[in-house]
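Asks: Sequence first, predicted coordinates after that:
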Amino acid sequence: MYVKICGLDTADNARVAVEAGADAIGVVMSASSSRGLDAARARRIVDAVGDAADTVLVTNDLGAREAAEVASRLGVTVLQLHGPAYSEASYREALHVMPRVWRATSLADAPSLQVGAHGEEALLLDAATPGSGETWDVAALDGSAIDGPWLLAGGLTPANVAAAIEVANPWGVDVSSGVESSRAVKDPGLIREFIGAAKHLQLR
Ligand SMILES: O=C(O)c1ccccc1NCC(=O)[C@H](O)[C@H](O)COP(=O)(O)O
């Protein structure tokens, strides 16, 4: 199970995530998010991870081209364009600069569930409000019918991630609020617990 810990706040917490086995960490750049980082802080986190895991720049409000240029300058491995603001043409623009782009969307937006529909490498299916910690009805989705890598997100926690994986059968999982002690403050213990719970399934 591929595990992404999103909305990292410090380089120390990014190291905790990677040491616990995270496959990816996310840094958010968004004017509307309390997890939004400036470039200097994002770079410290990305540099702390190095090539030990994927590093993902997440945005919902930068223009696609600008987002890809920022991602390239930061040296992240993946750009995650989050939400309905990004058209198919936006993905083409981003892909000129960043070879790996993920499309993050919600079933509420009636998206295409074809992985690669916009040239993306992977699909992330989230609640309607990203980063809110809200759950959604994953049972309404036949995850095994999605042809390609997709990540489940939205209200996951160390306590519910194993059951969510069993229901939805995703390729990966993504969490933010569920590994925080308070809004935008990551908790090292919860990060370790989440990764343990998600990865444990693989060993069954
Ligand atoms: O986390 C945010 O604040 C955010 C803001 C704007 C766009 C995307 C954002 N997060 C994207 C993620 O990938 C989150 O991990 C995902 O929405 C799940 O969040 P949560 O339900 O809090 O676990």
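Replies: Yep, that arrived.

Asks: Output the below-cut-off pLDDT ranges for this structure.
Replies: The model of the chain has pLDDT under 70 over residues 201-204.

Asks: residue in it nearest to the ligand?
Replies: Proximity of the chain to the ligand (C-beta to the nearest ligand atom) peaks at residue 131, 2.4 Å away. No exception for glycine: its C-beta is placed from N, CA and C like everyone else's.

Asks: Can you pull the residues of this structure lying near the ligand?
Replies: Residues of the chain found near the ligand (C-beta under 6 Å from any ligand atom) are 6-7, 26, 28, 30, 33, 35, 58, 60, 82, 126-127, 130-133, 153-156, 174-178.

Asks: how about the strands in this protein?
Replies: Secondary structure of the chain, counting by DSSP state E: strands at 2-5, 24-28, 54-59, 78-82, 101-106, 122-126, 150-153, 172-175, 180-182, 185-186.

Asks: just checking, what packs against the fifth one?
Replies: Using 3 or more C-beta pairs under 8 Å, 6 or more residues apart in numbering; DSSP states H and E as the contact test, the elements touching strand 101-106 are strand 78-82, helix 88-97, strand 122-126.

Asks: Residue 34 versus the residue of the chain closest to the ligand, what's the distance?
Replies: 9 Å (C-beta to C-beta, to the nearest Å).

Asks: Name the residue in the two with the higher neighbour count.
Replies: residue 131 (25 against 11; other C-beta atoms under 10 Å).

Asks: From residue 26, how far off is the residue lying closest to that one once chain neighbours are set aside?
Replies: Distances taken as C-beta to C-beta, 6 or more residues apart in numbering place residue 176 nearest to residue 131, at 5.2 Å, with adjacent residues excluded. Computed with C-beta to C-beta, the distance linking residue 176 and residue 26 is 8 Å.

Asks: pretty sure residue 151 is touching residue 168, no?
Replies: No - in this structure residue 151 lies outside contact range of residue 168 using C-beta atoms under 8 Å: 10.1 Å.

Asks: These two - which one has more neighbours?
Replies: residue 151 (23 against 19).

Asks: rewinding a little: quickly compare the helices and strands packed on strand 101-106 and say which is most buried.
Replies: Of the helices and strands packed on strand 101-106, the one with the most neighbours on average (mean count of other C-beta atoms under 10 Å) is strand 78-82, at a mean of 26.
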